[in-house]
Every structure is written in structure tokens, then in C-alpha cells.
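Asker: Following is a predicted model, sequence given first.
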Amino acid sequence: MYSLGELGLLQFRDMNPEKSSFQRTYANQVKRCEEMARKLRFFEDQVTRASVLPGVLTAADGMFNFDELENRLDELEKELLEVNANTERL
């Protein structure tokens, strides 16, 4: 779509110009994406600190829908925070 827009073949019109950014129907999805991006940055930081080489997923391994991915990132963040807390206690 971006390429079509660059060519001048496609345009988007704001059908609700009176609404603020926070009143848009997609605002919650954007917030969810930002939260997942924060969790991914946290994982990246933890992997870098531990000097661990991350594995690579193939396309078939990485097939998640949005909700599944969000839930999995939440689970992994909780586990990693717990591991970090246990490491500090030791």
C-alpha cells in the first residue's frame, strides 16, 4: 500500500477528522503493540547482558496470531522477571 501511495495511486481519507488520536478505534491496538515492543526490548537487553546468542525461528515456527503472541510475550516476561528475582536472592 505504501508503494501505491508513493506512486499516487492510492490515498487514505480520514473519515472521522473530529476524533482525537485517543478516540480512534485502533488506539488500543497501537497501545498493545507498543507494550509488546517494550517487552521485546526487555528481552533483547536481558539476552545481551547474559551474552547469549538468540536462536532463529523459521517461518513455520513463528506463526502466531496477535493475541497468541501477546500472551506468549506476557508469559515469558513474567518468567524472566521471576528468574531475575531468584538470581538476586541467591
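Answerer: Now that the structure is in, tell me what you want to look at.

Asker: now Ser21, nearest residue through space, not along the chain?
Answerer: The shortest distance from Ser21 to any non-neighbouring residue, by C-beta to C-beta, 6 or more residues apart in numbering, is to Ala27 (6.6 Å). All C-beta spots, glycine's among them, are computed from the backbone N, C-alpha and C.

Asker: now for the helix or strand hosting Phe42, which elements pack on it?
Answerer: If you go by DSSP states H and E, Phe42 is part of helix 27-49. Applying 3 or more C-beta pairs under 8 Å, 6 or more residues apart in numbering; DSSP states H and E, one finds that helix 27-49 contacts helix 66-89.

Asker: Can you mark which positions in the helix it packs on are buried?
Answerer: Across helix 66-89, burial judged by 16 or more other C-beta atoms under 10 Å covers Glu70, Leu73, Glu77.

Asker: Just name the closest of the residues you listed to Pro54, please.
Answerer: Closest approach between the buried residues of helix 66-89 and Pro54, by C-beta to C-beta: Leu73, at 14.5 Å.

Asker: For the closest one, give me the pLDDT.
Answerer: If you check Leu73, the pLDDT there is 93.

Asker: I'd say it and Lys39 touch.
Answerer: Yes: between Leu73 and Lys39 there is a contact under C-beta atoms under 8 Å: 4.6 Å.

Asker: and the residue nearest to Ser21, how far is that from Arg41?
Answerer: 21 Å (C-beta to C-beta, to the nearest Å).

Asker: Please say which of the two ends up with more neighbours.
Answerer: Each of Ala27 and Arg41 has its neighbours counted (other C-beta atoms under 10 Å); Ala27 has more, 13 against 10.
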